[in-house]
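[1] curious how this folds, go ahead:
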Amino acid sequence: MKTLTAVLTIALLSGAGQTLACSYDGQMNNPFTQSYPGSLNIALATRTAIENGTLTPPESLRGQPGLRRASWWLNLLARELSEHYSADIYVYLVDSNLWSRVSPDLRHPQIHSDPAPTGSQVLLLSEATLYELVNNRLSLSQAVDIGIAQFSLGAGKV
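    Residues are numbered from 1 along each chain as shown. As a prediction, this is how the structure comes out:
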């Protein structure tokens, strides 16, 4: 047990895993201090869309069950993105701080990827928006039009 504690302490002090930390890992991140440019706008638009009935939020799942579900949904989204884009796209779930990379060279998205490098294509959205997209209740263009998803160029690591 002491060895595990020592390893975890060293990892925390060295900053290891900071770019991979998401709420599914048990990290309770403050979206106002740790976020990506545009995330707050997506979060607020998502809250508004839920309140006015445009979006139906999925059941809240934490830890590994939540990560498995989000990973499955990201796999489904990756299929659609790969059909329309020939370059890597980084997907950032603003409510869980989860980064993923969709690449035409990979069969499945890379979940828990590093944040998008500067100049990369980034898709910002919430888990509620992802839920609606994979259930075909909303198209990506509709999500962008109502402000609950946004494409932008990567601004570098957060």
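
[2] ok now whichever strand or helix holds residue 74, how far from the chain's centre?
    Using DSSP states H and E, residue 74 falls within helix 63-84. Centre-to-centre, helix 63-84 and its host chain are 10 Å apart (CA atoms, centre = their mean, to the nearest Å).

[3] cool, and stretch 139-155?
    Centroid separation between stretch 139-155 and its chain, computed with CA atoms, centre = their mean, is 13 Å.

[4] kindly report the same for stretch 118-133.
    That offset, for stretch 118-133, works out to 6 Å (CA atoms, centre = their mean).

[5] name the residues of it that come out as buried.
    Buried residues in stretch 118-133, counting neighbours by 16 or more other CB atoms under 10 Å, are found at 120-133. Glycine gets a C-beta too; all of them are placed from N, C-alpha and C.

[6] narrow the residues you listed to those in strands?
    Among the buried residues of stretch 118-133, DSSP state E puts 121-125 in strands.

[7] so what touches the helix holding residue 74?
    If you take CB atoms under 8 Å, 6 or more residues apart in numbering as the criterion, helix 63-84 is touched by 22-26, 58, 60-61, 89, 91, 93, 96, 98, 100, 102, 104, 108-109, 111, 123, 127, 130-131, 133-134, 140.

[8] filter these down to the buried ones and hand me the PyMOL line.
    Only the buried members of the contacts of helix 63-84 end up in this PyMOL selection, burial being decided by 16+ other CB under 10 Å:
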select buried, resi 22+23+24+25+58+89+91+93+96+98+100+102+109+111+123+127+130+131+133+134+140
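
[9] still on that earlier bit, check which residues of the helix holding residue 74 are buried.
    Using 16+ other CB under 10 Å as the test for burial, helix 63-84 gives 66-67, 69-71, 73-75, 77-78, 81-82.

[10] can you tell me the average pLDDT over that helix?
    Average pLDDT, helix 63-84: 89.

[11] relative orientation of it and strand 121-125 in degrees?
    130 degrees (axes from the mean of the first three to the mean of the last three CA atoms, to 10 degrees).
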